[in-house]
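> Got a predicted model here, sequence first, then my questions.
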Number of protein chains: 2
Amino acid sequence: MATPEEPPPPTAHDGLVDALVQVSFVTMAVLSKVGAEHDLSLTQLRVLGILRDRRVMMTRLADFLGLEKSTMTGLVDRAAKRGLLERGPNAHDGRAVDVFLSPAGAALAVRFQAQVRRSLSPLISELGPAEQRQVRTLLERMLGPHGPG
Amino acid sequence: MATPEEPPPPTAHDGLVDALVQVSFVTMAVLSKVGAEHDLSLTQLRVLGILRDRRVMMTRLADFLGLEKSTMTGLVDRAAKRGLLERGPNAHDGRAVDVFLSPAGAALAVRFQAQVRRSLSPLISELGPAEQRQVRTLLERMLGPHGPG
DNA sequence: TATTGTTATACTCTATAACTATA
DNA sequence: TATAGTTATAGAGTATAACAATA
């Protein structure tokens, strides 16, 4: 007899979902904090990460981030004004604008990544070496067949 | 001989850090998306989550979220205007303002949680039951001695 | 005609500083 | 004097709609 307001049927993996969400919040908090030390928002961090090994047009960057192209204009404007990235012409399409990291931006991305690794170490060090390999494998599996590329 | 710009020495758990960050981004994207379907930002979601089983004063809410109290004013204003939560007097301090979920807010929180669980299922279903128990245990260990409370 | 990018506008989120009311 | 909360203000992040230039 289900009432109109059915209580959510707790499934076997509810506990996993909760742990996943909590760990994600902690991880994002670390990312935010390290980013803030460089005056970088999470979105700006993602931009640096995406451009790390790519030169892409505005629209593609917006697709990667799941944002509107008009949002990209402001995001790229601010990062460019700080000298972290640059705009340039696209070789194949006169309408398109390419975006790519400046040397300063690339250097910052490298420093940032190292800092994130250090900042997440305490979390990870709760586990032994074998367990670390385990979680890593399992997390990568969760990310799907696209794999850790 | 280390150069002034030392290349970051890759440690054993770098791969785990990367997987953790990626999984966290995916998880937050799911949270954002489900939240957006209810016109709720990640911060508003966290507010609902915190108030789920608590009545707290503004300052305490700000502490939980790591935000300034002035930020809370706007956040609570908007959520209250939508009827999701209410302000009330604090029994022990005439200066303080308590915040708590309205019935509508509590109902939304329940619906939201169920929806998040469904939305994260595909990710989790990449693993078998035994593996799910494993990750859960390991993630909870990473969250530290504070435990999954 | 469709697509790329920018501009204009508006709203949310966030912080700092100044203020009020209570402790 | 110190603390709780709000207001004022400013800037970043986001979206929608209208526009210019190119395809």
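Perfect, thanks for sending it.

> what does chain A have sitting close to DNA strand C?
Counting by C-beta under 7 Å from any atom of the strand, chain A comes close to DNA strand C at A:57-60, A:69-70, A:72-74, A:76-77, A:87, A:90, A:93, A:95-98. To be clear about C-beta, it is placed using only N, CA and C from the backbone, and glycine gets the same treatment.

> and if we set it to 6 Å?
Within chain A, the positions adjacent to DNA strand C are A:Met57, A:Met58, A:Thr59, A:Lys69, A:Ser70, A:Met72, A:Thr73, A:Arg95, A:Ala96, A:Val97 by C-beta under 6 Å from any atom of the strand.

> of these, buried ones?
A:Met57, A:Met58, A:Met72, A:Val97 (16 or more other C-beta atoms under 10 Å in any protein chain shown).

> In strands only, show me the residues of chain A next to DNA strand C.
Among these, DSSP state E puts A:Met57, A:Val97 in strands.

> would CSV of the residues of chain A next to DNA strand C with distance to chain B be doable?
CSV is the format used below for the residues of chain A next to DNA strand C (distance: C-beta to the nearest C-beta, whole Å):
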residue, distance to chain B
A:Met57, 22
A:Met58, 21
A:Thr59, 19
A:Lys69, 19
A:Ser70, 18
A:Met72, 17
A:Thr73, 21
A:Arg95, 29
A:Ala96, 26
A:Val97, 25
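
> Pick out whichever of the residues of chain A next to DNA strand C sits closest to B:Leu120.
When the residues of chain A next to DNA strand C are compared for distance to B:Leu120 (C-beta to C-beta), A:Met72 wins out at 28.1 Å.

> so what's the closest one up against?
By C-beta atoms under 8 Å, 6 or more residues apart in numbering or on different chains, A:Met72 lies in contact with A:Met58, A:Leu61, A:Ala62, A:Leu65.

> do the same with A:Leu85
Going by C-beta under 8 Å, 6+ apart, A:Leu85 touches A:Val47, A:Leu48, A:Leu51, A:Val76, A:Ala79, A:Val99, A:Phe100, A:Leu101, A:Ser102, A:Gly105.

> Among the residues you listed, which lie within strands?
Per DSSP E, the contacts of A:Leu85 map to strands at A:Val99, A:Phe100, A:Leu101.

> so what pLDDT did the closest residue to the second one other than its chain neighbours get?
Taking C-beta to C-beta, 6 or more residues apart in numbering or on different chains as the measure, A:Phe100 lies nearest to A:Arg55, with 4.1 Å between them; neighbours along the chain are not counted. Confidence at A:Arg55, expressed as pLDDT, is 98.

> any idea how far A:Leu120 lies from DNA strand C?
Per C-beta to the nearest atom of the strand, to the nearest Å, A:Leu120 is found 21 Å from DNA strand C.

> Please report the distance of that residue from DNA strand D.
Relative to DNA strand D, and taking C-beta to the nearest atom of the strand, A:Leu120 is found at 22 Å.

> Just give me the neighbour total for that residue.
Counted with other C-beta atoms under 10 Å in any protein chain shown, the neighbours of A:Leu120 add up to 22.

> again with the one 10 residues further on
Residues lying near A:Ala130 (other C-beta under 10 Å) number 7.

> How about the contacts made by the most centrally placed residue in chain A?
By C-alpha atoms, centre = their mean, chain A has its centre lying nearest to A:Arg46, at 4.7 Å. Applying C-beta under 8 Å, 6+ apart to A:Arg46 gives the contacts A:Phe64, A:Leu65, B:Phe25.

> Chain neighbours aside, what residue packs nearest to the second one?
Looking back up the chat, that one is A:Leu65. In space, A:Leu65 is closest to A:Arg46, 6.0 Å off (C-beta to C-beta, 6+ apart).

> if we can go back for a sec, which of the ones in strands among the contacts of A:Leu85 count as buried?
Buried among the ones in strands among the contacts of A:Leu85 by 16+ other C-beta under 10 Å: A:Val99, A:Leu101.

> roughly how far apart are the closest residue to DNA strand D within chain A and A:Asp63?
Relative to DNA strand D, the nearest point of chain A is A:Gly94 (2.5 Å; C-beta to the nearest atom of the strand). Distance, A:Gly94 to A:Asp63, using C-beta to C-beta, to the nearest Å: 20 Å.
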